[in-house]
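Novice: I would like the atomic coordinates for the input below:
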Amino acid sequence: MESFMEFVPPLSTLILYVTFSVLVFAVQQSIKEFNGASELAHWWLLLTGFGGLFFKYGYIIYYGFVFSWQHAAIFWIVGGLFLAFPGTTILAVLTSKNREKIFLFGYSGIVTLPLLGYFMVTSFPN
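Specialist: Residues are numbered from 1 along each chain as shown. Just a heads-up that it's a prediction; the model follows:
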C-alpha cells in the first residue's frame, strides 16, 4: 500500500505555485484596468502577464511529465481553488478603497514573477 505522502507535493513548492498564480492574476487585473498614458508600461504588463500564464501552465505540464501527474493535478486544483475564493478576496479587500493599489501588485509582479519562477524551478524534488 502506498503512503499518503506520495500523493502530496512538497508544501514549499505548492506555496510558491499558489503565490505565483495570485501574482499572475494581479498582473492580469492591472492590465484589465490599465488606463495610463505609458504605452511601454502597458506592453510590459502584457508581456509579464502572458509570460506568467505560459510559465504557470508549462510548469504544471513539466512537473507532470518529469515527477508526478498526481502532484501536478494537486497544484492545478489547489491553485485554482485558492485563486477562486481566497486569492481574489484578498486582492479585492486590499484594493477596495484605492483602485491604484492593484497597479502596485501588478507592477510588483513584473519583478517578483521571475524571482518566484526561479525559486519554483529550483524547488523541484531531487
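
Novice: The helix or strand where Gly109 lies: how far from the chain's middle?
Specialist: Assigned by DSSP states H and E, Gly109 belongs to helix 101-122. Mean C-alpha position of helix 101-122 versus that of the full chain (C-alpha atoms, centre = their mean, to the nearest Å) differs by 8 Å.

Novice: got the contact list for the closest residue to Gly79 other than its chain neighbours?
Specialist: Nearest residue to Gly79, sequence neighbours excluded (C-beta to C-beta, 6 or more residues apart in numbering): Ser21, at 4.5 Å. Just so you know, the C-beta spots here come from the backbone N, C-alpha and C atoms, and that holds for glycine as well. The contact partners of Ser21, taken as C-beta atoms under 8 Å, 6 or more residues apart in numbering, are 56, 79-80, 82-83, 87.

Novice: Buried by neighbour count, from those: which ones?
Specialist: Among the contacts of Ser21, those scoring as buried are 56, 79, 82-83, 87 (criterion: 16 or more other C-beta atoms under 10 Å).

Novice: I'd like the distance between the residue nearest to Gly79 and Gly87.
Specialist: 7 Å (C-beta to C-beta, to the nearest Å).

Novice: Then Gly64?
Specialist: Counting by C-beta to C-beta, the gap from Gly64 to Gly87 is 22 Å.

Novice: Over to Gly109?
Specialist: Distance, Gly109 to Gly87, by C-beta to C-beta: 13 Å.

Novice: Could you do Ile60 as well?
Specialist: 17 Å.

Novice: can you check Ile74 too?
Specialist: 17 Å.

Novice: do Lys32 as well
Specialist: 16 Å.

Novice: So for Gly52, what's the pLDDT?
Specialist: pLDDT, Gly52: 95.

Novice: count of neighbours near it?
Specialist: Look at Gly52: counted by other C-beta atoms under 10 Å, it has 24 neighbours.

Novice: Figure out the helix or strand that it lives in.
Specialist: With DSSP H and E as criterion, Gly52 is part of helix 39-66.

Novice: Tell me the helices and strands packed up against the first helix or strand past that helix going along the chain.
Specialist: On the C-terminal side of helix 39-66, the closest following helix or strand by DSSP H and E is helix 69-82. The contact analysis (3 or more C-beta pairs under 8 Å, 6 or more residues apart in numbering; DSSP states H and E) places helix 69-82 against helix 11-32, helix 39-66.
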